[in-house]
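**Q** turn this into a model:
(one chain, ligands or ions: 1)
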Amino acid sequence: MERYWNKPIETMEREQLRAVQLEKLLATIQNVYANVPHYREKMRAKGMLPGDIKTLDNLHDLPITTKQDLRDTYPFGLFAVPMEDIVRIHASSGTTGKQTVVGYTRNDIDMWADCMARCLTMAGADRSSRVQVAYGYGLFTGGLGAHYGTEKFGAVTVPASSGNTQRQITMMIDFGVTHLCCTPSYALNIAEVLQEMGYTKDDLNLKAGCFGAEPWSDGMRAEIENRLGIRAYDIYGLSEVMGPAVAHECGHHNGLHIWEDNFIAEITDPDTGMPVRDGQTGDLVVTTISKEGLPLIRYKTRDICALNYETCECGRTHARMSKPAGRSDDMLIIRGVNVFPSQIESVLLSIEEVLPHYQIVVDRVNNADTLTVEIEISETMFTDDVKGIEGFEKKINNRMNSVLGISAKIRFVEPKTIARSEGKAKRVIDNRKI
Ligand code: DLL
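**A** Here you go, the predicted structure:
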């Protein structure tokens, strides 16, 4: 039987859910107009007053908020409450420019923990579970976000943070850890070190994991599930909007339920910014309707996905987002072909002999883009005859060509030569920008 953390909310009829959303949206708009000069000015520039928003569809009329808005108002300019009501800040470093700072009131932390508790329930945890949180603790939202959720949920929390992998494994074995929260790339790293330490998955008591913070393919899921003997769930979130647990998969693994009583999701066309037709893929835009510290109106996440509003077999009515393929700003354009690193990963991992350790190197030679995929292959493959290797290279390239429409230079490297991740893996080296 399906278990829920908050059944009335998670299975609420959509009509009722929309009524809840509208009520909270109207309050949020009034709030930001009154308390955040940035929003007031943006709305005035569009000739809009809070009273102009009457239905959920009117939301599309409001201006989009971007990471640049957070940078322009750095550090606390978009906060809607006095600093004495803020109890925590987090920050995301980002690759360019200043970091963005986010703030939470006590109620925000509680709402976040509640979302996380719903996710843990979907991952099959209960109060007797032992949850190792191996996301980084600190300004990154992964560690503390998962931690407060696990405590509220009532499971035993093991606040391991990331890194020191051998110690992670010792704790997992000694404490009988049942659930692991970390990035999917770190989960694989843990699986590898487990083997190096002379253990097998049978030495663990692990049942499931909540893996997110970076895109990962279903091939990667299969790899993690096999190597750790668990069920792997996808968890999504971003610091600007809250942190982990904005959305999470149920046991049907058919999209991630977005907690729509707290977040309104829209999909817009990445080029025009206009809402797309139902079910189409585009840019995920999120409006927070419960947050007090940093309410965000129509935040452009840059994550590419589609939404499905059908009631799920699990009974939850909250919309499901498709597994995020990647960020629009991480999309590679190789000789005119648009491709996400996660799509390359899917192709690679559909080939049995390929290990899930790879790196994508993009360069420009004589004005033409070059794509090189460095792949680790097993020791035995490596010492195989040249013909075998050539055939293997051809197999990968044929698959890349037929699925993605691009060809790549394949470079095989010895096992353990590609750096292992403890957090978000860096898959792409784009030398074109340098
Ligand atoms: O990564 C929050 C988080 C922590 C989510 C732990 C899940 C688990 P940021 O550092 O702000 O926050 O990065 C947010 O990471 O916009 C996505 O591009 C990407 N991302 C997060 N979860 C997923 C996922 C955290 N499940 C950015 N699949 C987001 C694909 C993801 N991408």
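**Q** give me the secondary structure label for the residue in the stretch 1-150 of the chain that the ligand sits nearest to.
**A** The nearest approach of the stretch 1-150 of the chain to the ligand comes at G142, 3.6 Å away (CB to the nearest ligand atom). From N, CA and C alone the C-beta is placed, and that goes for glycine too. On the three-state scheme (DSSP: H, G, I helix; E, B strand; the rest coil), G142 is labelled helix.
**Q** where does the stretch 301-434 of the chain dip in pLDDT?
**A** Within the stretch 301-434 of the chain, the segments meeting pLDDT under 70 span 383-384, 433-434.
**Q** what segments of it are helices?
**A** 341-349, 379-382, 386-404 (DSSP state H, counting those that start in this stretch).
**Q** that older thread, tell me the confidence at the residue of the stretch 1-150 of the chain closest to the ligand?
**A** With respect to pLDDT, G142 scores 98.
**Q** how close does it sit to C250?
**A** Using CB to CB, to the nearest Å, we find G142 at a distance of 21 Å from C250.
**Q** more neighbours: which of the two?
**A** For G142 and C250, the more surrounded residue by other CB atoms under 10 Å is G142, and the numbers stand at 28 against 25.
**Q** end-to-end on stretch 169-181?
**A** 13 Å (CA to CA, to the nearest Å).
**Q** check stretch 160-171 too.
**A** Start-to-end span of stretch 160-171 (CA to CA) is 9 Å.
**Q** pull the residues that contact that stretch.
**A** 132-138, 143, 158, 177, 182-183, 186, 189-190, 193-194, 197, 199, 422-423 (CB atoms under 8 Å, 6 or more residues apart in numbering).
**Q** taking those one by one, which sit in helices?
**A** Using DSSP state H, 143, 186, 189-190, 193-194 are the members of the contacts of stretch 160-171 that sit in helices.
**Q** between the residues you listed, which sits nearest the ligand?
**A** Proximity of those to the ligand (CB to the nearest ligand atom) peaks at G143, which lies at 8.4 Å.
**Q** what's the neighbour count on the closest residue in space to that closest one that isn't next to it in sequence?
**A** Excluding the flanking residues, the one nearest G143 by CB to CB, 6 or more residues apart in numbering is Y137, at 3.4 Å. Neighbours of Y137 under the rule other CB under 10 Å: 17.
**Q** which helix runs longest in this protein?
**A** The longest helix of the chain (DSSP H) is helix 14-35.
**Q** before we move on, the earlier item: buried only: go through the ones in helices among the contacts of stretch 160-171 for me.
**A** 143, 186, 189-190, 194 (16 or more other CB atoms under 10 Å).
**Q** what are the phi and psi values at the residue of the stretch 251-400 of the chain found nearest the ligand?
**A** Nearest to the ligand, among the residues of the stretch 251-400 of the chain, is P324, at 3.9 Å (CB to the nearest ligand atom). With angles defined as degrees, to the nearest 10, P324 sits at phi -60, psi 130.
**Q** of the helices of the stretch 301-434 of the chain, which is nearest C305?
**A** helix 341-349 (11.4 Å; CB to CB).
**Q** what separates K7 from G315, distance-wise?
**A** 8 Å.
**Q** coming back round to it: looking at the ones in helices among the contacts of stretch 160-171, which is nearest A265?
**A** Nearest to A265 among those: G143, at 25.1 Å, using CB to CB.
**Q** how much space separates the closest one from E374?
**A** For G143, the distance to E374 (CB to CB) stands at 30 Å.
**Q** and D110, by the same measure?
**A** On the measure of CB to CB, D110 and E374 end up 45 Å apart.
**Q** more neighbours: those two, which one.
**A** When D110 is set against E374 and neighbours are counted by other CB under 10 Å, the residue ahead is E374, at 17 against 13.
**Q** quickly list what that one is bridged to.
**A** Q359, R411 (DSSP bridges).
**Q** tell me the contacts of the residue lying closest to F211 once chain neighbours are set aside?
**A** For F211, ignoring the flanking residues on the chain, the nearest one in space by CB to CB, 6+ apart is P184 at 4.2 Å. Going by CB under 8 Å, 6+ apart, P184 touches 211-212, 214, 216, 220-221, 224, 232.
**Q** from those residues, which are also near the ligand?
**A** The subset of the contacts of P184 within reach of the ligand, by CB under 6 Å from any ligand atom, is 212, 214.
**Q** buried subset of the contacts of P184 as a ChimeraX selection?
**A** Filtering these down to the buried ones (16+ other CB under 10 Å) takes a single ChimeraX command:
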select :211,212,214,216,220,221,224,232
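**Q** show the low-confidence segments of the stretch 51-200 of the chain, by residue range.
**A** For the stretch 51-200 of the chain (pLDDT under 70), the answer is 94-97.
**Q** get me the contact residues on it for the ligand.
**A** So the stretch 51-200 of the chain meets the ligand at 92, 135, 140-142 (CB under 6 Å from any ligand atom).
**Q** give me the buried subset of those.
**A** Looks like these have 92, 135, 140-142 buried, using 16+ other CB under 10 Å.
**Q** list the contacts of the closest residue to N31 other than its chain neighbours.
**A** Closest residue to N31 apart from its sequence neighbours, by CB to CB, 6+ apart: A80 at 5.8 Å. Neighbouring residues of A80 by CB under 8 Å, 6+ apart: 31-32, 35-36, 292-295.
**Q** likewise for G142?
**A** 135-136, 181, 183, 213, 243-244, 423.
**Q** what sits closest to it if chain neighbours are left out?
**A** Nearest one to G142, counting by CB to CB, 6+ apart, is Y135 at 2.9 Å.
**Q** was I right about D283 contacting K300?
**A** Yes. The criterion here is CB atoms under 8 Å, and D283 meets it with K300 at 6.0 Å.
**Q** how would you label R127: helix, strand or coil?
**A** Look at R127: counting by three-state DSSP, its state is coil.
**Q** show me what contacts it?
**A** Contact analysis of R127 by CB under 8 Å, 6+ apart lists 153-155.
**Q** PyMOL command for the buried members of these?
**A** To isolate in PyMOL the members of the contacts of R127 that are buried, counting by 16+ other CB under 10 Å, one can use:
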select buried, resi 153+155
